[in-house]
Each structure stands twice: as C-alpha cells, then as structure tokens.
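my questions are about this predicted structure, shown below with the sequence.
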Amino acid sequence: MRGKRILLIIGGGIAAYKACELIRLLRKQGAAVRCVLTDGGKHFVTPMTLAALSENPVYSSLWDLKDETEMGHIQLSREADLVVVCPATADLLAKMAAGIADDLATTLLLATDKKVLAAPAMNVRMWEHEATRRNVARLRRHGVTIVEPDEGEMACGEFGPGRLPEPLALLAGISSALAAQQKLAERHIIVTAGPTHEPIDPVRMLANRSSGKQGFAIAEALADMGARVTLVAGPVTLATPPGIARIDVETAAEMQAAVEAALPAEAAIMAAAVADWRVDVAPAKLKKADGPPALAWSANPDILAGLAASPQRPRLLIGFAAETGNAIAEGQAKLARKRCDWIVANDVSEDPMGGDDNKVHLITADGAESWERASKREIAHRLADRIADALA
C-alpha cells in the first residue's frame, strides 16, 4: 500500500463516518488519500475532518474555480492508483451504472481511466431492490469491484444486508484490489494493433479500416496490471498509453520482424488487422492512362501461425478474427488452423471496424463464450483479467 494514491469519494449515507477511520488506516499503511465529498456526504462528515485526516484539500464542487485551477477534475480522476466510493449509496450506484455526470463525484467516475472499487451501504430493501441489483451487476460487468455489504442491524432499525463493512474489512478490500492490478507484474506481453499498409506504388497502398483502438486498449489494460508491454502498432494516430514500449511499423513484414525481435514473451495478443496479401511495388506512380494495372500478388507472412510454430512460442497466444459471417464458426476454424490458444472473434458487419464499441466471442479449446456489447476499453479490461488468470 505504501506510495499508492487513493481517490476516496464519500457518498451521502450515515455510514460516511466510517470513511474517517478508513482514511486513518490508509494513511497508516503509507497510502496518500485525496477526498471528494458529495453534497449528501456533507450532512454526515465535514470537509475539515477529512482534510485533517488525509492531509490534503477536500474537493466537492465541479464549479470551484480555485480547485479546477490547482487540480482539474480530469487530472484528479486519473492521478490515483485506485478510486474508492465509500459509502456507495443507491443513488451513486445508479448514476455510475447509467453514466450520469451531474456533480464532481460522478464526473470523476465517468472520466477516470483507473480501477474503481465501490462499497455499497443502504437500507436492506434498497439493496435488495431489483433496480439496485441490476445496477450492481452492470457495474461488475464494466470492471467495478464491489465490496459486498455486511448483514446486521441498521440505523433505520431494520436488519439484513446493506451495512457498510468495518474499516479494517474495507482496507483489506482495497489492498486486494491494488494487488490485483499487479497480477501481471514484470511479465512481458506483446500486443499488435492497427492495420498494415502494403504499398502498390510510391503514392498508393492496400489498407483496411482498423483503427487500432482495441489493441491499444488491451495494451493499456495489461500495463495497468503491471505487465511490461511491447506494443507493435501499424499506421494509426493514437497516443501511446503510459508506460508502454511502442514500435511503429507499416507493412506486415515489418510487423513480423518487430514481433520476432520483441521475443521472448509470456503472452502475445495479435489484435492487428494484418493484410493477407502484398504486391510487387511499382517504382513509379501507375498512370490511369495505362489502364488497369496487372498486379503481381504474394502472400504476406502469417505472424500468428509463425508464433505458434516458433521455438520461442509465448505461453499464451491469442489471435483476433474480424468476420462478416458466422464469427464463432470462423473463429473456431481459425483457432485450429493457426494453433493458437484463444481467438477473439467479432462480426464486423454488425460492429464496423473503427468504432468505439465491440461485441466479441472468446473462443478456446473448451468452446465459445459470447460477451455482451461493450466499449473496447471494457472488453480490454475483461480480457486482461482472463489473461492474468491464465498466466497465474
């Protein structure tokens, strides 16, 4: 925990008083804590108390010019190692699940690219209500860690699940969440992303519509879990995620060379859309007046199959299959043909290449698992969790 940075969002519930002891325990463990206090939370704890315990300013308004100048809400949302919502009221959980951003706390939660842990606390009937259960399930699918509430007597006089766990139990949950982020510590993983461009002449090329977004999101999710990531990127304009070694290439042959030079690795995720074919490059621009050119075609190297047959084969080898027909059947055929461990398949006629969302099927020797449509970032984090489990 020493040196870790925690952003603590305190919701408006009677259990907010436990956040004070949680801050003290986190500080004792060597963590730095910044607090965001909701308007509801102010009815139960004061900014002065939280500032004294955390030894940091307390933030509460999205419209505070001084706070926005000194620590903008985007920076605040992304400088932490972990975002903790405690207590997470039914209202906060609902807004998180719906993507509502109507105050500082919910705006931070929507803007953060860091792991989020929520500790719900509410009346038993609110906790067991179908709307709350649906919101919690959705948050879990989106990668939010939920600390299950305790069962017991509540301030309202009712008994049942909904009590905020004691601060020591919350501390243990936070410690576990931070440890999970380092499940891939020091493991080298190669990720390919984006298209390849195969030149035809000095001004023309063969290309595809891959944006590289899914591969870049996977690389970032793996780095967030402590992996040492080598990202081999085709021609894209995306920014390099923090802490990642990026190698830019253009053609399939260059991508193959970069991947082989990056070995050995414990895992390789081949998310790039590599051109299957190339042509003999004309030394000068092909002229329209000369009529349709006769192109001499050659097969590009099969990077995925080559890795599968390599003496330096990664322990976990994952390919991608973008299909326009039966994605599962085509993915299963590709799994057998390429001799890799997993295939992530999707139907690009349903989710065109270049978008921000995806619906994929994870195909392994045990069968196919269809994931619901989600953002590419959410899919990346889910896949990274599965990779960490496989390499454990």
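Here it is on my side, so go on.

neighbours of the residue nearest to residue 21 when sequence neighbours are not counted, how many?
Excluding the flanking residues, the one nearest residue 21 by C-beta to C-beta, 6 or more residues apart in numbering is residue 167, at 4.1 Å. C-beta here means a position set from N, CA and C on the backbone, and glycine is covered the same way. Neighbour count for residue 167, taken as other C-beta atoms under 10 Å: 18.

kindly report the same for the one 3 residues further on.
Residue 170 sits with 23 neighbouring residues when counted by other C-beta under 10 Å.

I'd say the residue nearest to residue 21 and residue 22 touch.
Yes - using C-beta atoms under 8 Å, residue 167 makes contact with residue 22 at a distance of 4.5 Å.

measure how far stretch 94-108 is from the centre of its chain, please.
Taking C-alpha atoms, centre = their mean, to the nearest Å, one finds stretch 94-108 lying 18 Å from the centre of the chain it belongs to.

buried set for it?
For stretch 94-108, burial by neighbour count (16 or more other C-beta atoms under 10 Å) applies to 94, 95, 96, 97, 101, 103, 104, 105, 106, 107, 108.

and what of stretch 30-44?
31, 32, 33, 34, 35, 36, 37, 38, 40, 41, 44.

list the contacts for residue 316?
Neighbour list for residue 316: 266, 267, 268, 341, 342, 387, 390, 391 [criterion: C-beta atoms under 8 Å, 6 or more residues apart in numbering].

report the buried members of those residues.
The neighbour-count test (16+ other C-beta under 10 Å) applied to these identifies 266, 267, 268, 341, 342, 387, 391 as buried.

what is the nearest of the residues you listed to residue 120?
Distance to residue 120, by C-beta to C-beta, is smallest for residue 387 among the buried ones among the contacts of residue 316, at 28.6 Å.

quick one: what helix or strand has the closest one in it?
helix 376-391 (DSSP states H and E).

and that helix, what's buried?
Residues 376-384, 386-388, 391 are the ones in helix 376-391 that count as buried (16+ other C-beta under 10 Å).

which strands and helices sit next to it?
helix 213-224, strand 267-270, strand 316-323, strand 357-358 (3 or more C-beta pairs under 8 Å, 6 or more residues apart in numbering; DSSP states H and E).

looking at the buried residues of stretch 30-44, which are in strands?
Applying DSSP state E to these, the entries found in strands are 32, 33, 34, 35, 36, 37.

ok, the fourth one - contacts?
Counting by C-beta under 8 Å, 6+ apart, residue 35 makes contact with 8, 9, 10, 19, 23, 50, 51, 54, 56, 58, 59.

buried ones among these?
Using 16+ other C-beta under 10 Å as the burial test, the contacts of residue 35 include 8, 9, 10, 19, 23, 50, 54, 58, 59 as buried.

now these as a markdown table including secondary structure and distance to residue 127?
Listed next are the buried ones among the contacts of residue 35 as a markdown table, based on DSSP: H, G, I helix; E, B strand; the rest coil; distance: C-beta to C-beta, whole Å:
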| residue | secondary structure | distance to residue 127 |
| --- | --- | --- |
| 8 | strand | 21 |
| 9 | strand | 19 |
| 10 | strand | 19 |
| 19 | helix | 19 |
| 23 | helix | 24 |
| 50 | helix | 25 |
| 54 | helix | 28 |
| 58 | strand | 28 |
| 59 | strand | 28 |
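
still on that earlier bit, redo the buried residues of stretch 30-44 as JSON lines? Include distance to residue 357 and pLDDT.
Formatted as JSON lines, these follow (distance: C-beta to C-beta, whole Å; pLDDT from 0 to 100):
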{"residue": "31", "distance to residue 357": "35", "pLDDT": "95"}
{"residue": "32", "distance to residue 357": "35", "pLDDT": "96"}
{"residue": "33", "distance to residue 357": "34", "pLDDT": "97"}
{"residue": "34", "distance to residue 357": "32", "pLDDT": "96"}
{"residue": "35", "distance to residue 357": "34", "pLDDT": "97"}
{"residue": "36", "distance to residue 357": "29", "pLDDT": "97"}
{"residue": "37", "distance to residue 357": "34", "pLDDT": "97"}
{"residue": "38", "distance to residue 357": "30", "pLDDT": "97"}
{"residue": "40", "distance to residue 357": "33", "pLDDT": "96"}
{"residue": "41", "distance to residue 357": "33", "pLDDT": "97"}
{"residue": "44", "distance to residue 357": "38", "pLDDT": "96"}
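
out of these, who's nearest residue 365?
In terms of C-beta to C-beta, no member of those lies closer to residue 365 than residue 31, at 41.7 Å.

who does the closest residue in space to residue 215 that isn't next to it in sequence bridge with?
Nearest non-adjacent residue to residue 215, counting by C-beta to C-beta, 6+ apart: residue 193, 2.4 Å away. Beta-bridge partners recorded for residue 193 (DSSP bridges): residue 233.

how much space between residue 193 and residue 22?
Using C-beta to C-beta, to the nearest Å, residue 193 is found at 39 Å from residue 22.

give me the below-cutoff pLDDT ranges for the protein.
Residues of the chain that meet the criterion pLDDT under 70 lie in 65, 69-71.

tell me the domain ranges of it?
Here the domain assignment for the chain is 5-180, 188-391, based on automatic domain parsing.

start to end distance for the shortest one?
Read that as domain 5-180. End-to-end distance of domain 5-180 (C-alpha to C-alpha, to the nearest Å): 15 Å.

please apply the same query to stretch 361-376.
Start-to-end, stretch 361-376 (C-alpha to C-alpha) is 13 Å.

list the buried residues for that stretch?
Within stretch 361-376, the residues that count as buried by 16+ other C-beta under 10 Å are 361, 362, 363, 364, 368, 371, 374, 376.

looking at these, which are in helices?
Among those, the members found in helices (DSSP state H) are residue 376.
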